[in-house]
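Trainee: Need coordinates for the below:
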Amino acid sequence: MDPYGTPTPAPGTWAQPGWPHQPAAGPATGAAAPGHPAPGQPPYDQPPYDQPRQPARRADRLRIGVAGLLAGALIGGGAGAGVVLLTDRGDGAGSVAGPAAAQNVTITDPETATAVTAAAAKAAPSAVTVYVASGAGSGSGSGVVLSEDGYVLTNDHVVSLPGGGEPIVSVRTSDGTLYDATVVGTQPVYDLAVLRLEGASGLTPATFGDSDAVQVGDLAVAIGAPLGLADTVTDGIISARGRAVATGSAEGDATVIDALQTDAAINPGNSGGALVDAAGEVIGINTAIATVASGAPGQEAQSGSIGVGFAIPGNTAERIAQEIVADGSADITYLGVSALTAPDDTNPRIGTGAQLEQVQPGTPASDAGLQAGDVVTAVGDRLVTTSTELTAAVRSASPGDQVTLTVRRGQGSEQVEVTLGATEG
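Mentor: Residues are numbered from 1 along each chain as shown. Below you'll find the model as predicted:
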């Protein structure tokens, strides 16, 4: 990660978000970096306008994969890609042990049951394994049941193909039943997708908790199919809230999420699965892991769990899922600016806010009187030190929400009220 918290790719760790194939040696070409137009395109030809710009900078020894994190590709529909790295297989095929038989998590001895036991028993019936195949390869990820009649939530990168085209999707529920599935809709900016299982009925929908009420130190239980091992349960705590995380290629629109950070073990195949609290309620959708780059140039990064995993907050995931179920798409919350991280005067490695480079006319930002050159230092009571943090804070809100921005303008500081807008995904 560069000094400003902007995405800096680690050599050998690039992968198309969420597709199980051998990572290429470098980023794809021809697409625009976040905040920059594609060749020959004006800077605001496509909303949203809130991607942080990313100047090229020196790569640090400690990498957090693509865009500061290893793309969720290495943990989910990314299972294949993750398995290649973990097992030195070069064929891009499925899991290490092959598809594992589904099993139910049950409490066999209530006297020795723990909080993790109870949470897993409550949430496991709503956990599914997602299998994706195309001519380009195959892999697996995880998912969460939304409704009795077969709607399932997972990550967009689990079901997306690098070259386009319709994937063949199958879903195995916790009772072992295998269903054919179709993609109802996706929202790549939030890295979410909804599937519909054909002929399904009587499924157990997950219960969503209030992710805004989660506290650092709370119990966190991850349920999914790492390496194709269905119904795997790992536990830890919530390590941080509001962690601005950018995943995906720095040469395209990065997915920026306002993540929950956890030390519950998350590995290739966990993508799209549930992160639940002590009550077994979904507080997040697991989507990315941090990785440490190899010491030798050109070698692949360590892609297994190092105790730093990230989940899309449940409140955001539930909102997006409901919109996709309703009409096949979901709105993106946007402000209408292009921004860079403002460096500290004495130490350029320290960010002091998100400096607005451009404010697009007719957007919430311009309507609120924001100007190029303004530096946003807070959204509500949340400190903003980088452009990525501004993007994450905006996208974690809902369209129509009114937020208070603390803005440094010249030598002074003022509060600016902004009603956030929506653009179709």
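
Trainee: Dump the top strand by length along the chain to CSV, keeping only the CA atoms.
Mentor: In the chain, assigned by DSSP state E, the strand with the most residues is strand 232-247. Output in CSV follows, covering the C-alpha atoms of strand 232-247 (Å, rounded to 0.1, in the frame of the first residue of the first chain):
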residue,chain,number,x,y,z
THR,A,232,-16.8,-24.6,7.8
VAL,A,233,-17.1,-22.5,10.9
THR,A,234,-14.3,-20.3,12.2
ASP,A,235,-14.5,-17.7,15.0
GLY,A,236,-12.8,-14.6,16.1
ILE,A,237,-13.8,-11.0,17.0
ILE,A,238,-14.7,-7.8,15.2
SER,A,239,-11.3,-6.2,14.9
ALA,A,240,-12.4,-2.8,13.5
ARG,A,241,-15.4,-1.0,12.1
GLY,A,242,-15.5,1.4,9.2
ARG,A,243,-12.3,0.1,7.6
ALA,A,244,-12.1,1.7,4.1
VAL,A,245,-11.1,-1.2,1.8
ALA,A,246,-10.6,-1.1,-1.9
THR,A,247,-10.5,-4.4,-3.9
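
Trainee: can you tell me the average pLDDT over that strand?
Mentor: Taken as a whole, strand 232-247 has an average pLDDT of 94.

Trainee: again, but for stretch 151-171
Mentor: Averaging pLDDT along stretch 151-171 gives 88.

Trainee: So the protein: which segments form each domain?
Mentor: Using automatic domain parsing, the domains assigned to the chain come out as 1-26+48-329, 332-424.

Trainee: packing partners for the next helix-or-strand element following the longest strand of the chain?
Mentor: As assigned by DSSP states H and E, the chain's next helix or strand after strand 232-247 is strand 255-262. On a contact count with 3 or more CB pairs under 8 Å, 6 or more residues apart in numbering; DSSP states H and E, strand 255-262 meets strand 219-224, strand 232-247, strand 282-289, strand 309-313, helix 387-396. C-beta coordinates here come from the backbone N, C-alpha and C atoms, glycine included.

Trainee: weakest of the domains of the chain by average pLDDT?
Mentor: domain 1-26+48-329 (a mean of 75).

Trainee: Apart from its neighbours in sequence, what residue is nearest G236?
Mentor: Using CB to CB, 6 or more residues apart in numbering and skipping residues adjacent in sequence, the residue nearest G236 is A264, 3.4 Å away.

Trainee: Could you give the number of residues near that neighbour?
Mentor: The local packing of A264 (other CB atoms under 10 Å) involves 25 other residues.

Trainee: need the contact list for it.
Mentor: A220, V221, A222, T234, D235, G236, I237, L275, G309 (CB atoms under 8 Å, 6 or more residues apart in numbering).
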